[in-house]
Structure formats: C-alpha cells, structure tokens
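1. after the sequence you'll find the predicted model.
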Amino acid sequence: MNLNNIFATLDSQIPIVALEVLSPEEATIIQWLTANAHEKLKSAVFFWNLGVSGLEQCEIASDGGLVFKPVPEYKKPPHADPLLYIFEYINNFDGTGVFILGDVHPFVGKNSPQLSWEILTQVKNLYHRLKPTEKRIIFLGQNIELHESLIRLIPYGEVPLPTVEQVQEHIYSYLNYLSESATEQDVPFRVLLNTEARETLARAALGLTLEEISDFLRLTVKERLSSNGITIDATITPMVVEYKTRLLSQMGIELGKPALYSFGGLDLLREWLNRRRKLFTQEARNLQLPQPKGILLAGPPGTGKSHCAKNIANILNLPLLKLDIASMLGSLVGESEGNVRRALKTAEAIAPCVLWLDELEKALSGQGDTSGVSQRILGTVLTFMSECTSGVFVVATCNDVTALPTELKRKGRFDETFFVDLPSEPERAQILKIHLERFGISVEEEYLEAIAANTAKFSGAELETLASEAALLAFEQERPQQVTLGDLEECRQTITPLAVQDAAAVERMQAWAKTARAASTAIADTKPTQSIKTARYRNMN
C-alpha cells in the first residue's frame, strides 16, 4: 500500500491501515488525510494520541490550514485505560468517521517491550467488527513494526521523502507565500534565483522533509531581514547543506566531506570504479542499465579503506553519506532498526549517492547482542541492498571479514569484494610521496625508493604518520619543508607496524584474501633496491 491508494484501501472494507511518517511531516500528513477523507469518503476525521486529553475533530480552515476541535461527546472515565477506551468509543461510534490514532504501534508492535496482549486482541476484534461499518482507523507514527498476528490483517505503507521535483515545487510555492506575507508588512522581498539555481537548491535540500525545508526557509528569511528588506539568492544553497548536515547527524548520518587527496596504489580497484562511473548518469538510467549495488572493502586496519570510500565518491562524482550503524546501536537501543530504515530512506532520496558503512563487522557481527537487534538490522540492510534501484552505491569497509554474518558475504550481495592488503614497495613509495607533498615537501624518487624498501609491513596509515612525524621533526629543528632522508629514517625507527604487533590477525586476513578480488596488482620487485645506509643524505626541497 502506498500513500496514493490508502483511501481506496479503506473504501474496500479494509478497516485499519498503518502509515509510517517522519515526525516533522505528521501535521502535514494529517491535513492531507483530512482533506482526502472529506473528498473521497465523505467522512469526518478525528485525531487521538496519548498526549491529547480528549478526542479532536480535524477540519480544514478557509485558508487551507488544519484545525483541531475538541469532541465534547468524548468523555473518558477517570480510571479507564485511555487506549482501551478510544477503541471502545470507536466501536460504539454511531456514524461515519476516519480515526487517526497516533503512536499506538508500540502497544501492538513486534518485539516491543510495551506490547499489550489486551490491546492487541482489541485491535483484532475491531478489525473484524468495523468491516461492515463506515468507520475506519489509521495508525500513524514512526518505526512501525506490527505484531505477527496483525501483519496479514493491517496493510502498511510509508510516506516517502520528497523527490527533487516535489522539493522544487515546494520551494517555489513557499517562497511565494513568504513574499506575500512580506508584502502585507511592507517589507521588500527579492528572490534572485534563476532556473539552474533553483534546481541546485532543491538538490541540496534532498533528504529533508517538506516541513523541514519550510522551517529552513522561514529561519533564513528571519536571518536575512534588514533595513533593505529580504534577499533570497544562490548563497542560501550552502546554508541548506549545513542545516541538513546538522539534522542528519542527529540520526547517525554524516554528510561526508570529499577526500582532499587521492589514494596511492589500488590500481585494480580504481580501474573497476572508472568503468562504472557512467552507469550513474541520466543517460544510463534512460537506457535502463543496471545500477551498481556496491562493494565490500576488507583488509587489515590502516590500509586506507576509509580513505578509499571518500575517494570513491570523488571518482563516481556522487555525494557521500556515512552511516555509523554501531553508534546507533549504542545510543538508540529499542529504536535502532527504525532509525537505520530512515537513514536508508534518506540515502534513497538523495540518490544517486555513495553510502559508506564503516567497520561493518562492529555493528552486524551480533557478538554480545542477546536482543536480536543486530540480526534485524542485518535484515534491513540486506533488503535495502537487494531492492534499491535508485542508485545508492554502498561502500562497506571491514577490518575482520570473519566476523561478518555469512549471508552478507555470499556472492550477489555486493557487486564485488576487494581485499585491500598492506601496500607493496612501489605503492609505499607512492603513498609516501602523496603525504609528503601535502606538507609542501618535494621528494626525489631515489629517496622514496630507499624508504619504501625499509618500510615493509607498513600500512598506509603508518606511512602517513611517518611523513607527518618527519615534517614535524624538520619544523622543530627550524628546517620547515626541508626534510632529510635521515629525518625519515629516524622517525621510521619509532614506528612498529600493526602487522608486526598483531601478526596473527593480519596473516589471517591475508589467508582469507584468496576468496576475494585484489584491489591492486601484485608487483614483483625484481630490481635491487638501494640500501638506506648507502643512500646519499640530502635536504629535500
């Protein structure tokens, strides 16, 4: 069931439906339900939840707004259970009515600690008794998961996040509304947005609800009010991104910043990505070509998997979203699955995009989870990956692939599983060069080769540390950007690679790598390398 056929469902003698809506949009959806119930069912509409002292009738005012009016006939006895009483009132109600009941689902929810068997049986009774009547019920709320006994009785639907076309239309109409309000108050109101700027603004706002966009526009108007009036121009686009970033971060979603520098090595991964970047274009979608689903990057810690995820967004020219499932498990116990669903829905609204799931094994291994939350989140993620067709490219990173559930590792879940190993000697030279150049240090190839030859088992992160420590050492000795080979060697001796500290774990990952695809070409070093002891010590400018 979707939002457009909800009244056809209610009109076909299905007396109860469940509708999931994001909390900022509740009032908007209640207004939409009221208007459509009046038009299509010729029915009065009532609203109730535990926070309302009584029952309220919903009406549309002359200006198109929503009005709640108390129903004087509704008189709950002082000691009656409020939920059981509203069910009794609906059962005895004489007439036609659509009753919107907010946040009832925890009492009839799957695995809910607030599940009430008395309320559950009341709902089942109502379902059968209301069928021949003109009375209908809509359960409205967030994170709805009905009990098994209700799933086949009550159709479920959800209100999707708005598309870019809907966002554009809403921005246009709401700015007109704000302009009219300003004119009534003799405040000059100028909208300096051409067609391209409007579309850019709409795309920047994707992932927000229409109500959140309205809140942003009102806030912006207040902030821009001056003696010269109000001007809305293209400069509000980065402001809506900042506003969206703040809201999404509260849900465990981070709008990832693009990588500031490229990654070294990993030529096979880079080649694989470049061959697929055109599949995210409108031309490919018009040809109905299959959208890539995603990749799993596995390898020892520090090998650059997270940095790769940021670079993948750059290579594919897509926005980057980072979803921290592990933090959701820690801070949102009891609501984790619903919040993951909302996060995935947000990614779908922003698509095409890259969705980065970092250190996936920490969230989905199930270790120490007796509540089954990890398993349910795993099911949510797997369903999303198999059904999403909007262009969300999932990049999952993993340090210990053996801790991942089997169903996530099987063929077909990801387009490809890449093993990101410790860098080879030529890759170490390339990685060192990238990080030294970040500090404005130019390096001769012979020195890079000498250091690379003596940093076996160093990861990319450890090579980055080596470069930064050498740059700091030179700076402390009043030689900024004048790093010597001796500086690099001195700093190298202070770093013990993880592959030495925890050799067993790294070797276990390398043994598993035979089942995955290598992210870089194995390069056999056939030429003799220059010893670091015989290399000439020179300042590197």
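-> Alright, I've got the coordinates.
2. secondary structure element for the residue nearest the centre of the chain?
-> Nearest to the mean C-alpha position of the chain, by C-alpha atoms, centre = their mean, lies residue 343 at 3.9 Å. Using DSSP states H and E, residue 343 falls within helix 336-350.
3. so how far is residue 411 from residue 397?
-> 19 Å (C-beta to C-beta, to the nearest Å). Yep, even glycine has a C-beta here, placed from its N, CA and C like the rest.
4. still on that earlier bit, what sits against the residue nearest to the centre of the chain?
-> Under the criterion of C-beta atoms under 8 Å, 6 or more residues apart in numbering, the neighbours of residue 343 are 251, 252, 253, 323, 328.
5. how much space between it and residue 381?
-> When C-beta to C-beta is the yardstick, residue 343 and residue 381 sit 10 Å from each other.
6. again, but for residue 4
-> From residue 4 over to residue 381 the distance is 28 Å, taken as C-beta to C-beta.
7. neighbour count for these two, which is higher?
-> Comparing residue 4 with residue 381 by neighbour count (other C-beta atoms under 10 Å), the higher total belongs to residue 381, at 23 against 9.
8. now do the nearest residue to residue 348 once chain neighbours are set aside, the pLDDT please.
-> In this structure, residue 348 finds its nearest non-sequential neighbour in residue 390, 5.0 Å apart by C-beta to C-beta, 6 or more residues apart in numbering. Taken from the predicted model, the pLDDT recorded for residue 390 is 81.
9. and the nearest residue to residue 133 once chain neighbours are set aside, what does it touch?
-> Excluding its sequence neighbours, the residue lying closest to residue 133 (C-beta to C-beta, 6+ apart) is residue 15, at 7.4 Å. Under the criterion of C-beta under 8 Å, 6+ apart, the contact partners of residue 15 comprise 126, 127, 130, 131, 133, 135, 136, 137.
10. could those go into a markdown table alongside pLDDT, neighbour count and distance to residue 151?
-> Supplementary listing: the contacts of residue 15 in a markdown table, determined by pLDDT from 0 to 100; neighbours: other C-beta atoms under 10 Å; distance: C-beta to C-beta, whole Å:
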| residue | pLDDT | neighbour count | distance to residue 151 |
| --- | --- | --- | --- |
| 126 | 95 | 18 | 16 |
| 127 | 95 | 16 | 12 |
| 130 | 96 | 20 | 18 |
| 131 | 94 | 12 | 18 |
| 133 | 95 | 16 | 23 |
| 135 | 96 | 20 | 22 |
| 136 | 97 | 26 | 19 |
| 137 | 96 | 25 | 16 |
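11. can you list these in TSV and add distance to residue 351?
-> Output for the contacts of residue 15, formatted as TSV (distance: C-beta to C-beta, whole Å):
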residue	distance to residue 351
126	39
127	36
130	39
131	40
133	42
135	40
136	34
137	34
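12. restricted to strands, list those.
-> The members of the contacts of residue 15 that map onto strands under DSSP state E are 135, 136, 137.
13. in this structure, which helix is the longest?
-> What stands out as the longest helix in the chain, according to DSSP state H, is helix 164-184.
14. C-terminal to that one, what's the next element?
-> Scanning the chain past helix 164-184 towards its C-terminal end, the next helix or strand to appear is strand 189-192 (assignment: DSSP H and E).
15. and the next helix or strand past that following strand?
-> Scanning the chain past strand 189-192 towards its C-terminal end, the next helix or strand to appear is helix 195-204 (assignment: DSSP H and E).
16. what does that next one contact?
-> Helix 195-204 is touched from outside by 164, 167-168, 171-172, 193, 233-234, 236-238, 240-241, 244, with contacts defined as C-beta under 8 Å, 6+ apart.
17. give the buried subset of those as a PyMOL selection command.
-> This is the PyMOL syntax for the buried subset of these, where burial follows 16 or more other C-beta atoms under 10 Å:
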select buried, resi 167+168+171+193+236+237+240+244
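18. any idea how far residue 410 is from residue 399?
-> Summarising the geometry, the distance separating residue 410 from residue 399, computed by C-beta to C-beta, is 20 Å.
19. so which of those two has more stuff around it?
-> residue 399 (19 against 9).
20. excluding its backbone neighbours, what's nearest that one?
-> Looking at residue 399 with C-beta to C-beta, 6+ apart, the closest residue is residue 301, at 5.0 Å.
21. just for this protein, where's the confidence low?
-> Screening the chain residue by residue with the criterion pLDDT under 70, one finds the ranges 258, 326-336, 365-372, 522-541.
22. ok, 50 please
-> Across the chain, the stretches falling below the confidence threshold (pLDDT under 50) are 331-334, 523-541.
23. show me how it divides into domains.
-> Domain segmentation of the chain under automatic domain parsing yields 3-158, 164-250, 256-419, 425-540.
24. would you mind finding the most buried of those?
-> Mean neighbour count (mean count of other C-beta atoms under 10 Å) peaks for domain 256-419 among these, with a mean of 19.
25. straight-line length of that domain, end to end?
-> Between the opening and closing residues of domain 256-419 lies a distance of 23 Å (C-alpha to C-alpha, to the nearest Å).
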